[in-house]
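Undergrad: give the three-dimensional model of this entry:
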Amino acid sequence: MRPQFLRTAFVLMIFSTALWAADHGAALYKKKCAGCHGAGGEGKPGMNAPALKGSALDAGQIADQITKGKPGSKAPHTKAVSGVTDDQAKAIAAYVKGL
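TA: Numbering: from 1, shown residues only. Down below sits the predicted model:
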């Protein structure tokens, strides 16, 4: 019976961590990205902000763009997004890929 308890506790821990990460990514996206890219990642053509929903970029590429910027892209993404750590960028990227 004890091994079953440990397996259940482990599964619950993993599941709750995944839920926290998703909530964290959503909150960070809302704070740092939604103003330009829209609440649902639909983009805002009037601001020339592209849609993120359905992006062909993978989560790693999105996180890199957040943390490093992309030379030649439109401001503000020519450089890193201010105040976002690597882990936060990964959480945002995972959220974006789920849109």
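
Undergrad: just the helices in this structure please.
TA: 2-32, 34-37, 59-68, 86-97 (DSSP state H).

Undergrad: what's the least confident stretch among the ones you listed?
TA: In terms of average pLDDT, helix 2-32 trails the rest of these, at a mean of 65.

Undergrad: quick check: closest non-adjacent residue to Lys53.
TA: Spatial nearest neighbour of Lys53, excluding adjacent residues (Cβ to Cβ, 6 or more residues apart in numbering): Gly41 at 3.5 Å. Placement of C-beta: from N, CA and C, glycine included.

Undergrad: how about Leu52?
TA: Using Cβ to Cβ, 6+ apart, the closest residue to Leu52 is Gly41 (4.0 Å).

Undergrad: go on, Ser73?
TA: Gln65 (7.7 Å).

Undergrad: could you do Gly25 as well?
TA: Tyr95 (3.3 Å).

Undergrad: so how many other residues sit close to Asp64?
TA: 17 (other Cβ atoms under 10 Å).

Undergrad: then Lys74?
TA: Residues contacting Lys74 under the criterion other Cβ under 10 Å number 12.

Undergrad: surely it and Asn48 touch.
TA: Yes - counting by Cβ atoms under 8 Å, Lys74 does reach Asn48; the two are 6.3 Å apart.

Undergrad: tell me which residues of stretch 58-68 come out buried.
TA: The neighbour-count check on stretch 58-68 (16 or more other Cβ atoms under 10 Å) flags Ala59, Ile62, Ala63, Asp64, Gln65, Ile66, Thr67 as buried.

Undergrad: CA atoms only: put that stretch into PDB for me.
TA: Provided in PDB are the C-alpha atoms of stretch 58-68 (Å, rounded to 0.1, in the frame of the first residue of the first chain):
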ATOM      1  CA  ASP A  58       8.700  26.400 -31.000                       C
ATOM      2  CA  ALA A  59       8.700  27.200 -27.300                       C
ATOM      3  CA  GLY A  60      12.500  27.500 -27.100                       C
ATOM      4  CA  GLN A  61      12.600  30.000 -30.000                       C
ATOM      5  CA  ILE A  62       9.900  32.100 -28.300                       C
ATOM      6  CA  ALA A  63      11.700  32.000 -25.000                       C
ATOM      7  CA  ASP A  64      15.000  33.100 -26.800                       C
ATOM      8  CA  GLN A  65      13.200  36.000 -28.500                       C
ATOM      9  CA  ILE A  66      11.900  37.100 -25.100                       C
ATOM     10  CA  THR A  67      15.200  36.900 -23.300                       C
ATOM     11  CA  LYS A  68      17.600  37.900 -26.100                       C
END
